[in-house]
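Participant: Provide a 3D model corresponding to the input given below.
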Amino acid sequence: MFYVLIRSYIRAILFFYFKKTKVVGLQNIPKNEAVLFVANHENALLDSIMLATTNNSKAYFLSRASVFSNPFNRRFFNSLRMIPIYRIRDGWQSLNKNTEVFNTCFKLLNDKKTIAIFPEGDHHLNRRVRQLSKGFTRIIFGALDTYKDLKIYIVPVGINYDAHITYPQSISLYYGKAFLANPFYDASDVHLSTRQMVAKTSDELKKLTVHIEDLKTYDGKIKQLKALNANFLNPLETNELLHNLPKETVLREDKKPVNFWYKLVFAITALSAWLPYLIWKILKQKIKDPIFFGTFRFALHVILIPLFCLLQTFIVYSFFGLNVGLYFLTVCVSLAFLLKWVPYKNQ
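Facilitator: Numbering: from 1, shown residues only. This next block holds a predicted model:
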């Protein structure tokens, strides 16, 4: 019940947080089967949150062990179906704990549950799929060894942002076609099986997210794509554009100014939530890694902004009565709707 309530609340906040949310390919997720979501990782905690709330699989997530640092955190994250995974940076002795973690994963898959993992190992801001770690193959092959008749499906998931750091943001999730993991496993040659499965999964992910292979030309290609008004929320279209980029592109900045009405609504909204907005401005200066901007900003949307709105509503109610208090609350919610629907830039 706690998981369902938290998930429903988070989904409601996400509706307002993202300017646009696009989800493609939900029909590709097998029902009543053992499934492993394998996704790229471009935006810290937001990736996990979106993967958990845009489908009905109620997946279990393998997360870095450091977030389970104390008993309260461990209990809280366990209730959200998060499972700690230990890495070398957690200490060599901690790696032994992974045996229990993997056994838990084997049982979940045998029970026809869904597990989600980000095999790039860490988040990043580049529009590309990095080298995948082999950990997810160990889970699959171990489960197939333990349960001989088990079938496991891999669903690659591409997560795409129109902007990683700036606000407002829009996001798209592309759930790729599921493929059966069993044919890739040859117990007599695990190394070859691992390489083939990693290669297959990586190739599928590169179709579902914008992928620029060559780092040497990365910056130049990003500038070209922006000059051509590439839609980063549509990886199929943008990857096709990448393959056909002209040798020379007139590089020009996007001169579309921010919509006046959006600026007006944003200013009024910021004024009505002045304390959370002030806290964000102070907090932003102390975040060393920009990739965490989205995570902390979303946390404010989840906790501080609703609380502050309710507190102001209560104060207004105390002085002016129920009708005025409800009117004030309605205005707060209406501003959130307007901020979502008014275009950010002039069309």
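Participant: in the stretch 51-200 of the chain, which spans are strands?
Facilitator: Defined through DSSP state E, counting those that start in this stretch, the strands belonging to the stretch 51-200 of the chain, from first to last, are 60-64, 82-85, 114-117, 152-161, 170-175, 179-180.
Participant: looking at those, which is nearest to residue 5?
Facilitator: When the strands of the stretch 51-200 of the chain are ranked by proximity to residue 5, the top entry is strand 82-85, at 16.3 Å, counting by Cβ to Cβ. Where C-beta positions appear, they are placed from N, C-alpha and C, glycine not excepted.
Participant: which residues does that closest one contact?
Facilitator: By Cβ atoms under 8 Å, 6 or more residues apart in numbering, the residues outside strand 82-85 that reach it are 60-65, 67-68, 74, 77, 97-98, 101, 104-105, 135.
Participant: between the strands of the stretch 51-200 of the chain, which one is closest to residue 13.
Facilitator: Closest approach to residue 13 among the strands of the stretch 51-200 of the chain is made by strand 170-175 (13.7 Å; Cβ to Cβ).
Participant: packing partners for the closest one?
Facilitator: Taking 3 or more Cβ pairs under 8 Å, 6 or more residues apart in numbering; DSSP states H and E as the contact definition, the neighbouring helices and strands of strand 170-175 are strand 20-24, helix 44-53, strand 152-161, helix 235-243.
Participant: okay, the angle between it and strand 20-24?
Facilitator: Strand 170-175 runs at 10 degrees relative to strand 20-24, counting by axes from the mean of the first three to the mean of the last three Cα atoms, to 10 degrees.
Participant: which residues touch the spatially most central residue of the chain?
Facilitator: For the chain, the residue lying nearest the average C-alpha position, counting by Cα atoms, centre = their mean, turns out to be residue 47 (1.3 Å). Remark: with contacts taken as Cβ under 8 Å, 6+ apart, residue 47 is in contact with 39, 40, 41, 118, 123, 159.
Participant: least confident pick among those residues?
Facilitator: Of all these, residue 123 has the smallest pLDDT value, namely 74.
Participant: so that one makes contact with residue 39?
Facilitator: No: taking Cβ atoms under 8 Å as the contact criterion, residue 123 and residue 39 are not neighbours in contact, 11.0 Å apart.
Participant: picking that back up, indicate which one of the strands of the stretch 51-200 of the chain is closest to residue 288.
Facilitator: Of all the strands of the stretch 51-200 of the chain, strand 60-64 comes closest under Cβ to Cβ, at 17.6 Å.
Participant: related to what we said a few turns ago, for the residue nearest to the centre of the chain, give its distance to residue 294.
Facilitator: With the distance defined as Cβ to Cβ, to the nearest Å, residue 47 ends up 9 Å from residue 294.
Participant: can you redo the strands of the stretch 51-200 of the chain as JSON lines with distance to residue 196 and mean neighbour count?
Facilitator: Below are the strands of the stretch 51-200 of the chain laid out as JSON lines (distance: least, Cβ to Cβ, whole Å; neighbours: other Cβ atoms under 10 Å):
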{"stretch": "strand 60-64", "distance to residue 196": "22", "mean neighbour count": "20"}
{"stretch": "strand 82-85", "distance to residue 196": "23", "mean neighbour count": "21"}
{"stretch": "strand 114-117", "distance to residue 196": "18", "mean neighbour count": "24"}
{"stretch": "strand 152-161", "distance to residue 196": "12", "mean neighbour count": "24"}
{"stretch": "strand 170-175", "distance to residue 196": "22", "mean neighbour count": "23"}
{"stretch": "strand 179-180", "distance to residue 196": "12", "mean neighbour count": "14"}
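Participant: nearest to residue 195, of these?
Facilitator: Smallest distance to residue 195 across the strands of the stretch 51-200 of the chain (Cβ to Cβ): 15.2 Å, for strand 152-161.
Participant: that closest one - contacts with which helices or strands?
Facilitator: In this structure, strand 152-161 packs against strand 34-39, helix 44-53, helix 135-146, strand 170-175, strand 179-180, helix 190-208, with contacts taken as 3+ Cβ pairs under 8 Å, 6+ apart.
Participant: any chance of those in a markdown table, with distance to residue 259 too?
Facilitator: What follows is those, written out as a markdown table (distance: least, Cβ to Cβ, whole Å):
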| stretch | distance to residue 259 |
| --- | --- |
| strand 34-39 | 32 |
| helix 44-53 | 25 |
| helix 135-146 | 43 |
| strand 170-175 | 15 |
| strand 179-180 | 43 |
| helix 190-208 | 31 |
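Participant: rank these by pLDDT, which is bottom?
Facilitator: helix 44-53 (a mean of 89).
Participant: just the pLDDT for residue 69.
Facilitator: 69.
Participant: same check, this time on the one 3 residues further on
Facilitator: The per-residue pLDDT reported for residue 72 equals 72.
Participant: how about the one 4 residues further on?
Facilitator: With respect to pLDDT, residue 76 has a value of 72.
Participant: measure it to residue 6 for me?
Facilitator: Using Cβ to Cβ, which is the criterion applied here, residue 76 is 10 Å from residue 6.
Participant: ok, back up a step: which one of the contacts of residue 47 is nearest residue 212?
Facilitator: Using Cβ to Cβ, the shortest approach to residue 212 within those belongs to residue 40, at 12.7 Å.
Participant: still on that earlier bit, would a markdown table of the helices and strands packed on strand 170-175 with distance to residue 204 be doable?
Facilitator: A markdown table is the format used below for the helices and strands packed on strand 170-175 (distance: least, Cβ to Cβ, whole Å):
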| stretch | distance to residue 204 |
| --- | --- |
| strand 20-24 | 14 |
| helix 44-53 | 16 |
| strand 152-161 | 4 |
| helix 235-243 | 12 |
